Each structure stands twice: as structure tokens, then as C-alpha cells.
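Q: Compute the structure for the input listed below.
(one chain, ligands or ions: 1)
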Amino acid sequence: MENFTPTHYTLECVATGRQFEDEGWMLDDPCCKIPSMIRTRYAVRQIDVRPDSYGFYKFCDWLPVRRMLQGSSAPVTYKSKGLADYLGLKNLYITFNGYYPEIGAKMTTCSFKETEAYSVCARIREGDNRILVVASAGNTARAFAKVCSDNNIPLLLSVPEENISALWFDRPLNPCVKLICPERGGDYFDAIFLSNLALKSRKFYAEGGAKNVARRDGMGTTVLSAATTIGEIPDYYFQAVGSGTGAIAAWEANMRLNEDGRFGNKTMKLVVSQNAPFVPMFDAWRVDSREMLPYEAAKARRDAEIIDAKVLSNRKPPYSLAGGLYDALKATGGDIMVATNAQARKARALFEETEGIDIYSAAGIATASLVKSVADGRIDPEKIVMLNITGGGEHRCQQDKELWYLEPSLVFPLTPDPEEVVAKTEALFD
Ligand SMILES: *Cc1c(COP(=O)(O)O)cnc(C)c1O
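A: Numbering: from 1, shown residues only. This is a model prediction of the structure:
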């Protein structure tokens, strides 16, 4: 691909401020004794946004990547007319992650999980022969499967059998991507459990989730897209959250843009929302608690079944640790809101009517919260509002296409024999 020199970066522990080199796939500061995020510090202070032909890697100055992978696209930000007029907002900008060719948005897995996957997979050292492992409820698996399939990167996915209908693709996948499932009745947590058993093998290594700086800096490109399009850092940021990783990433991108200096010096207020009744972070935030409150497993499971936006049902979000969502909200004067299924469905219909494209339930939750905030007079209509549409265009993308589904190579019982999991999953890649 185009000429590309990876940006130099160091890692910094949020809790202690200690800086250190990335010796390869570091997810924590080995010297830090308390739970904390680590962050990247890029040698390039002013971002040089590359041409659109770079796809997602147009933001490579602020990505911890060693190479550029094939087939990527970046989030697209545009000034809203339809929804903005409806809401009476003068400066509403939509950052669209998904498939909407009319505006140049071409993420064929239709969600901002693609920004994570293109960043994380490009952080892998070339010549690393180990196999990346990702456990997911759906969107993350689809994004990683596409990126790894197109770029010949071995990948082991663990997804609950109930959710594998989410693993649709517009073409058959490269066999370097393998899927294992906990049997029916298993949920996201069983999928994580199963992937952890496979990870006992030295052939495999964990992607790392929110603690992977590549994941967060990948998601932070939504804000880079907004600020570089608008010419200014937004005043408000609306996003639906399950883990809150995207919002933490937005805050981190905001700080980098402040250091850049050309986009103003502002703190964008993070307004994140959860899908009621699954609202564990809202519950903690409401009583100003850094610790999450107890959330009984049976109730959590039931609540997760009720909500439309299943991708938002994370029971162990990176909320409490240093540099996590609690800190992000405190630092930005942010807030957590909730929206119901009914409100989100209405908001999705409104979005399609006013902006001309279908959006996911999760994006409907964010839109519903924006509608509510405006109705409550909480938004100054002159201010710059960024609405992060985290996923959409699935209907458009699937139209007139033959779809392919990823089938599991192995299905395991809910309490599998650990040695058997290792032996059988290793054998998949022989
Ligand atoms: C994963 C996901 C979210 C939630 O993102 P987090 O920042 O990880 O909480 C929101 N919307 C969509 C479409 C997603 O796939």
C-alpha cells in the first residue's frame, strides 16, 4: 500500500504516569499495582490526516499500528440537515459508522467495531505466528472476522451459538478464521469462559478488549473524523454504551486534539446512554459511585434478554479503573442517560426518515437520548453536537446480496473438559 512509516509512541500508565516502551501487545503497566488503563503517547503531536485512499488509516498518525491492512474505511462525519431541523439544532454533526455509500461510508460489517479491528489487527507484529482470540456477542466477531479473513490473519472466535446469525458476510470467509461456540443456552459469558480455556494454549493470545490501546485509539477515530471535518472539537458527544470503551476513547482523542492545538482547546461533554432495564453503569453513576453496584447474575441475564440493543449488555465494563469511564465522565462533566426499547425504536424510525438510512438499536439509544436532552432544554442549540452513530446501514448493505454465514468448527458443552478444549482448538489450526 501507500508509503507508511509507523508513528513512534510510548505507553503511559494512567494511575502512576509512568512511561514505558511497548514491548509487544502490552495491555497493562507491569509495575502498576492498582487497576489502571495504559495510554499511547504519540511522537506526532499534530495529526496529518492522509487522503481518503488510506481508508481507516488516514488517521495513522494516532494509531499504534505497524502496517496498513486491506479493505478498510474510516468513519464519516457530515452536518445533519433533516434531524437537525427536526430538533432545532444549528450544529448537529453525525459521525456515521456503517454502510451508507451516498455519504461515502463503506463499513461492510456496519458498526464501529470495524475501527477496533483494523487498529488491533494492524498492531500485530508481522511474523507473529500465534493466533488471536476474540470472544464476542456478535458485532465485534463480525468485524474481526472480516479484517482477518481479508488479510490472512489467523483468528479464533468464540460466540454463543444463539448469536451466530449475526455472523453474516457478503462473501465466503478465508479458512484462517475459525469459530467455536458454547452450546445452546450459553451466553456471552460462557463464550468468554470458553475462550479463556483455549487461551491456556501457548498457540493463542488474547485480544485484550478495552485495555488494548489499539482498540481505543481505533474507536477514537470517530472523534478525529468529527473534529477534522468540523474544524473544531465538538461541545457534546452522544453515544450508546455497553462497555463505555468508545466514550473513553473519545475523551482520549479529545485530549490529543487539545495538544494538537488547531481544533480549539475544549472538553467535550460525554453523554452516554444505556438501554433500560440493563443499566448497571447508570445505577452506579447516579449515586456517584466509582464502584459498580452488585448486579445479580440472574437479573442481568433477564435484563439482557429484554433489551433490543444486545450489544449494550456488558456486565463487566471498564468503569471503575483509573482512566476508565467513571474518570472520563468526571473529567468532561459528562452524564449517563437511559432509553427504553420503545424510545429507541421511535428514534430509529425518526433517524431513517430524516437522514435516509437504517440504524442499529444501539444507535437508536443514542439518538433517543439526544432527542430527550433537547426536549429537556439541556442542549444549547448553537453548540456543536456530535452524534456517534455506532452502527447502521445493515439493511442497505444486505440488499440484493447473497449472504454467507460463518459456521462453528466446534461446539462445546457449557462445562467442557479444559484439556479437550485446548487439544481440539489447537488442531483446528494445524
Ligand atoms: C459495541 C457497540 C456499542 C457500544 O460500544 P462501547 O463503547 O464498547 O460501549 C454501541 N453501538 C454498537 C453498534 C456497537 O456494536
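Q: And for E296, the neighbour number?
A: 9 (other C-beta atoms under 10 Å). C-beta: built from backbone N, CA, C; applies to glycine.
Q: give me phi/psi at it?
A: Backbone torsions for E296, taken as degrees, to the nearest 10, come to phi -60, psi 130.
Q: Please apply the same query to the one 5 residues further on.
A: For R301, the backbone dihedrals are phi -60, psi -40 (criterion: degrees, to the nearest 10).
Q: got a list of what it touches?
A: Going by C-beta atoms under 8 Å, 6 or more residues apart in numbering, R301 touches D187.
Q: What distance do you get for it to the ligand?
A: Going from R301 to the ligand by C-beta to the nearest ligand atom, to the nearest Å gives 19 Å.
Q: any idea how far that residue lies from P277?
A: 12 Å (C-beta to C-beta, to the nearest Å).
Q: ranges for the helices of this structure?
A: Ranges of helices within the chain are 82-87, 113-123, 139-151, 188-198, 213-219, 221-230, 245-260, 280-286, 297-306, 325-332, 341-355, 361-375, 394-398, 418-428, based on DSSP state H.
Q: Which residue comes closest to the residue of the stretch 151-300 of the chain found nearest the ligand once chain neighbours are left out?
A: Going by C-beta to the nearest ligand atom, the ligand is nearest to G246 of the stretch 151-300 of the chain, at 2.8 Å. In this structure, G246 finds its nearest non-sequential neighbour in M219, 4.7 Å apart by C-beta to C-beta, 6 or more residues apart in numbering.
Q: neighbours around the closest residue to L83 other than its chain neighbours, how many?
A: Excluding its sequence neighbours, the residue lying closest to L83 (C-beta to C-beta, 6+ apart) is T354, at 4.4 Å. T354 has 16 neighbouring residues, counting by other C-beta under 10 Å.
Q: Put the alpha carbons of the worst-scoring helix or strand of the chain on mean pLDDT into PDB.
A: Ranking every helix and strand in the chain by mean pLDDT, DSSP states H and E puts helix 297-306 at the bottom, with a mean of 91. Extracted C-alpha coordinates of helix 297-306, given in PDB (Å, rounded to 0.1, in the frame of the first residue of the first chain):
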ATOM      1  CA  ALA A 297     -26.400 -12.600  37.500                       C
ATOM      2  CA  ALA A 298     -30.000 -13.900  37.100                       C
ATOM      3  CA  LYS A 299     -31.400 -10.400  36.900                       C
ATOM      4  CA  ALA A 300     -28.600  -9.300  34.500                       C
ATOM      5  CA  ARG A 301     -29.400 -12.200  32.200                       C
ATOM      6  CA  ARG A 302     -33.100 -11.400  32.300                       C
ATOM      7  CA  ASP A 303     -32.500  -7.700  31.600                       C
ATOM      8  CA  ALA A 304     -30.200  -8.600  28.700                       C
ATOM      9  CA  GLU A 305     -32.900 -10.700  27.200                       C
ATOM     10  CA  ILE A 306     -35.400  -7.800  27.300                       C
END
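Q: Report the distance from that helix to the chain centre.
A: 22 Å (C-alpha atoms, centre = their mean, to the nearest Å).
Q: list the buried ones in that helix?
A: Residues of helix 297-306 classed as buried: 300, 303-304 (neighbour count, 16 or more other C-beta atoms under 10 Å).
Q: OK, contacts around the residue of the stretch 151-300 of the chain closest to the ligand?
A: Contacts of G246 by C-beta under 8 Å, 6+ apart are 112, 219, 222, 239, 388, 390.
Q: List just the nearest of these to G324.
A: Closest approach between the contacts of G246 and G324, by C-beta to C-beta: M219, at 14.3 Å.
Q: Kindly report the residues of the stretch 1-150 of the chain close to the ligand.
A: Contact residues (C-beta under 6 Å from any ligand atom) of the stretch 1-150 of the chain with the ligand: 111, 113, 139.
Q: Mind checking which of the residues you listed are buried?
A: 111, 113, 139.
Q: Dump these into JSON lines; add pLDDT as well.
A: Below are those laid out as JSON lines (pLDDT from 0 to 100):
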{"residue": "S111", "pLDDT": "97"}
{"residue": "K113", "pLDDT": "97"}
{"residue": "N139", "pLDDT": "89"}
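Q: which of the residues you listed lies closest to T5?
A: The closest of these, once distances to T5 are taken by C-beta to C-beta, is K113, at 27.2 Å.
Q: Hmm, K106 is touching S73, no?
A: Yes - assessed by C-beta atoms under 8 Å, K106 is found in contact with S73 at 4.2 Å.
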